[in-house]
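Visitor: Let's see this in three dimensions:
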Amino acid sequence: MAQPIFEQTLKVRDYECDTQGHVNNANYQHYFEVTRHEFLEKVGLNFHELHLQGIDAVVSRVEIRYKAPLIGMDLFRCTVTRLERIGVKYIFHQEIIREKDGFVCAKAKIEVVNLVNGTLSQPERFDQAFRQYI
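Guide: As a prediction, this is how the structure comes out:
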């Protein structure tokens, strides 16, 4: 398995779980998003500062494959395994890996586009920041 280009360790909070004791499916999107935002910080792109400059990275499509549930208090790594660009879309390939056994609990393919002052664009700043990963 290839080394991810970015990862962070997170912990399931009890309120993120459903009646069955599993993390509610919608929370996986939160985990993936916070990891993407941290990755942006790592490459020098602050999400809020970009917005103030009229540049908004917005999710245009989400595809998640759930493989095994996380439960309350589980530690896990959320990763960006690969990043690609197709046209104006950046595609983030991500995984959630349970710490205790290394099992991949979820895989995601998240498509992101950029709006500059409300217009679909390909800002140079993102290409520059992502150049070593694409």
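Visitor: Low-confidence stretches in the protein?
Guide: Residue ranges of the chain with pLDDT under 70: 1.
Visitor: Can you tell me how far Lys109 is from Glu33?
Guide: 14 Å (CB to CB, to the nearest Å). Yep, even glycine has a C-beta here, placed from its N, CA and C like the rest.
Visitor: my bad, should have said Gln94
Guide: For Gln94, the distance to Glu33 (CB to CB) stands at 10 Å.
Visitor: if you count what's nearby, which of the two comes out ahead?
Guide: More neighbours surround Gln94 than the other of Gln94 and Glu33, with 26 against 17 (other CB atoms under 10 Å).
Visitor: Helix, strand, or coil at that one?
Guide: Three-state call for Gln94 (DSSP: H, G, I helix; E, B strand; the rest coil): strand.
Visitor: Sticking with the residue lying closest to it once chain neighbours are set aside, tell me its helix or strand.
Guide: Leaving aside its chain neighbours, Gln94 sits nearest to Ala108 (4.5 Å; criterion: CB to CB, 6 or more residues apart in numbering). Assigned by DSSP states H and E, Ala108 belongs to strand 104-116.
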